[in-house]
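In: build me a model from this:
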Amino acid sequence: MSNRIGSAVLAMGLALGTAAAPTAALAAAPAAQATTLRAAMDGSGVDTLNPFLAFFNGALDTFGMIYPSLNSLDPTGKPGPYLATEWKASDDKLTWTFTIKDGLKWSDGQPITAEDAAWTLNLIMTDAVAGTANGSLVSNFESVTAPDATTLIIKTKAPQASLPYVSIPMSGIPIVPKHIWESKAKDLKDTKNDTFPVVGYGPWTLTEYKQEQYAKFTANKSFVLGAPKFDNLVLQTFKSGDAAVAALRSGQIDYKAGVNPTQFKALQADEGIQAAQTVGNGWMGLEINHNARTRSGKKIGTGHPALGDPELRRAIALATDKQTLVTKVIDGVGQIGAGYLPPAWPQWSWKPAEPTPFDPAQANKVLDTAGYAKGGDGVRVDPKSGKPLAFRLGIHSDDAADAAISGYLVGWLKEIGVKVTIQSLSMSALNSDLAKGDWDLLMDAWTTGPDPTYLLGIQSCGTLPKDDGTGGNTDSFFCDEAYDKLFKQQLTTFDQTERATVVGQMQEILYKANVNQIYYYANGLDVSRKDTVTGVTLGQPDASGVYPSQTAFWSYLNAAPPAKDAATAAKAEGGSSLPWVLGGVALIVVAGGVVLVRRRLAGDDRE
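Out: Alright, predicted model coming up:
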């Protein structure tokens, strides 16, 4: 429903609000010589500090900064080193050997070894609760072993092209310290992980966290990929996008990823603000509860039974004017949606041969033919259940985009005899209802990175919840045998062109099912103060002035105080490039390999 990374989809927090954290969280750096980067936390916030359970962007960003991964994802989207200095597959592509860097230590001084990685991955493979967030990423794993402190061996059931991207910052599996988590594994569902400083290893150490207020970090000056250029980092939460923008203007914060088009245009005119536009790496759309059930087939929830009819879902798609949503809701800063994967990753681009048009008259004909007769109040009735076509539409209470879109939907669907009642709920409430199936329609948004495995995986049968409610990471209870077969096929396809064909076939199945109706792909709009920070924008813009998709991992690591990094400051206007030079580290790039980034969006990060 709403997730959960990097560059955010545009923000529409238009309602005025105030910062949630105390003034102390935004005060000047405590030490005279210390430097502090202050940024707006991802609008979704932190659902939990337990890395095995979290979905929200704010949590994933945090884990990416405080826990290591096997691989990094360099600013160009290619696999890079992190805990692993090199990785290679056997000739049959079934066995992967990772060489773990020797000498790294957790923040409590204990050594980091291959056993930490093996223990983490095995726990996710064998424990349903541990696999809540990332179980789909290891579903093809046969075994994971650590024969010695610097060797990790992963054997797969079938060749897996995306394996070097299963564990990358923010979007993949974070590796946790075995000596800390082993005692927590028995009661993982209730583990909060809120003892500070949190023992981990990354560019930052989490030293303090206040729910819905702020998170404070200190820099790891011996970080393997290079030390952060700021000494401290504070991520501040805000009640609205406008409140965050006001804080940026006043100097309370230095950087905010994901503002709305109106805010972006106003900030572009401010000579003290760098405003950067990034290509859309996510989608905004409508989810339809067509058949909420568990893996065993047990029906759950309170979804309207008529939504199981593909003709009704097709009529809803025909009645929706996506162009109006792009023009009116995001001010034209984005593209009309169709395929499940966004334009930031053209290698997976897919467009329907016959796009569904905006055609209310045809929608009415479809419903007439299907036997949905109109009652005296103009609302059609389901001929099977006898229930009127009256649906609940869940929207995020803190999201102006949801509110704007839902207003259009109510009117458009009324024209075809469908009544919609808007239910405005918090992100946590919406996600809770989603897992239980207690909804009819939901507004949702997701982002993804160059590897589509995770995002495609949440539409597979394996992500349906178990009968006891655990293990589920489904997006809309979609489960299709042909889709699942293709999902396994794309995992084992190393040739990128061939893999793209398979991924396109999967997107076609999703498009025709109309369970997830993709409205648009919004560009990312990021802003920062020129007088306090440089280097948060990576890469160079294309001919249209749009930068490549960003991730918070590199933005915060590469950010620098202007006086401390003159070279970066000189590039502030045109963006900066993070050098990918690590002495003595071997990079082995796999053919067809691409990255895994995913997140469910809410609040400020949704457009």
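In: and the spatially most distant residue from the centre of the chain, which of the three is it?
Out: For the chain, the residue at maximal distance from the C-alpha centroid (Cα atoms, centre = their mean) is residue 376, at 44.2 Å. At residue 376 the chain is in coil, as set by DSSP: H, G, I helix; E, B strand; the rest coil.
In: going along the chain, name the strands of the stretch 301-450 of the chain.
Out: 334-336, 390-396, 419-425, 441-448 (DSSP state E, counting those that start in this stretch).
In: which of those strands sits closest to residue 100?
Out: strand 441-448 (27.6 Å; Cβ to Cβ). C-beta: built from backbone N, CA, C; applies to glycine.
In: the closest one - what's its average pLDDT?
Out: The average pLDDT within strand 441-448 is 90.
In: next SSE after that strand?
Out: Downstream of strand 441-448, the first helix or strand assigned by DSSP states H and E is helix 453-457.
In: how about low-confidence regions in this structure?
Out: Low-confidence segments of the chain (pLDDT under 70): 1-32, 75-77, 471-472, 564-607.
In: longest helix of it?
Out: helix 496-513 (DSSP state H).
In: buried sites along that helix?
Out: Under the neighbour-count criterion of 16 or more other Cβ atoms under 10 Å, helix 496-513 has 496, 499-500, 502-508, 510-511, 513 buried.
In: does anything pack onto it? Which helices or strands?
Out: helix 481-491 (3 or more Cβ pairs under 8 Å, 6 or more residues apart in numbering; DSSP states H and E).
In: quick revisit: and of the strands of the stretch 301-450 of the chain, who's closest to residue 134?
Out: Nearest to residue 134, of those and by Cβ to Cβ, is strand 441-448 at 14.4 Å.
In: quick one, that closest one and strand 390-396 angle?
Out: 40 degrees (axes from the mean of the first three to the mean of the last three Cα atoms, to 10 degrees).
In: centre of the chain to strand 441-448, how far?
Out: How far strand 441-448 lies from its chain's middle: 10 Å, per Cα atoms, centre = their mean, to the nearest Å.
In: returning to what we had before: can you show me the CA trace of the longest helix of the chain as CSV?
Out: The C-alpha coordinates for helix 496-513 follow below in CSV (Å, rounded to 0.1, in the frame of the first residue of the first chain):
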residue,chain,number,x,y,z
GLN,A,496,19.7,-8.9,-20.4
THR,A,497,17.8,-8.7,-23.7
GLU,A,498,16.2,-12.1,-23.1
ARG,A,499,15.4,-11.2,-19.5
ALA,A,500,13.8,-7.9,-20.6
THR,A,501,11.5,-9.9,-22.9
VAL,A,502,10.4,-12.1,-20.0
VAL,A,503,9.9,-9.1,-17.7
GLY,A,504,7.8,-7.5,-20.4
GLN,A,505,5.6,-10.6,-20.5
MET,A,506,5.1,-10.3,-16.8
GLN,A,507,4.1,-6.6,-17.0
GLU,A,508,1.6,-7.5,-19.7
ILE,A,509,-0.1,-10.0,-17.4
LEU,A,510,-0.2,-7.4,-14.7
TYR,A,511,-1.6,-4.7,-17.0
LYS,A,512,-4.4,-6.9,-18.3
ALA,A,513,-5.3,-8.0,-14.8
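In: and the contacts of it?
Out: Identification of contacts with helix 496-513 by Cβ atoms under 8 Å, 6 or more residues apart in numbering yields 161, 290, 310, 313, 338-341, 347-348, 350, 352, 452, 456, 459, 478, 480, 482-483, 486-487, 489-490, 493, 516, 591-592, 594.
In: please, where are all the helices along the stretch 251-400 of the chain?
Out: If DSSP state H, counting those that start in this stretch is used as the criterion, the helices of the stretch 251-400 of the chain fall at 261-268, 310-318, 322-329, 360-369, 400-414.
In: quick one, the first one and helix 322-329 angle?
Out: Angle of helix 261-268 versus helix 322-329, following the same axes, to 10 degrees, is 50 degrees.
In: in helix 261-268, what's buried?
Out: Neighbour-count burial for helix 261-268, counted by 16+ other Cβ under 10 Å, picks out 261, 263-264, 267.
In: next, count neighbours for residue 488.
Out: Residue 488: 16 surrounding residues under other Cβ atoms under 10 Å.
In: go on, residue 563?
Out: 10.
In: helix, strand or coil for it?
Out: helix.
In: for residue 528, see how far away it is.
Out: 16 Å (Cβ to Cβ, to the nearest Å).
In: ok so, going back, let me have the helices of the stretch 251-400 of the chain in JSON lines, extended by distance to residue 49.
Out: What follows is those, written out as JSON lines (distance: least, Cβ to Cβ, whole Å):
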{"stretch": "helix 261-268", "distance to residue 49": "30"}
{"stretch": "helix 310-318", "distance to residue 49": "38"}
{"stretch": "helix 322-329", "distance to residue 49": "33"}
{"stretch": "helix 360-369", "distance to residue 49": "46"}
{"stretch": "helix 400-414", "distance to residue 49": "26"}
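In: nice, that's everything, thank you.
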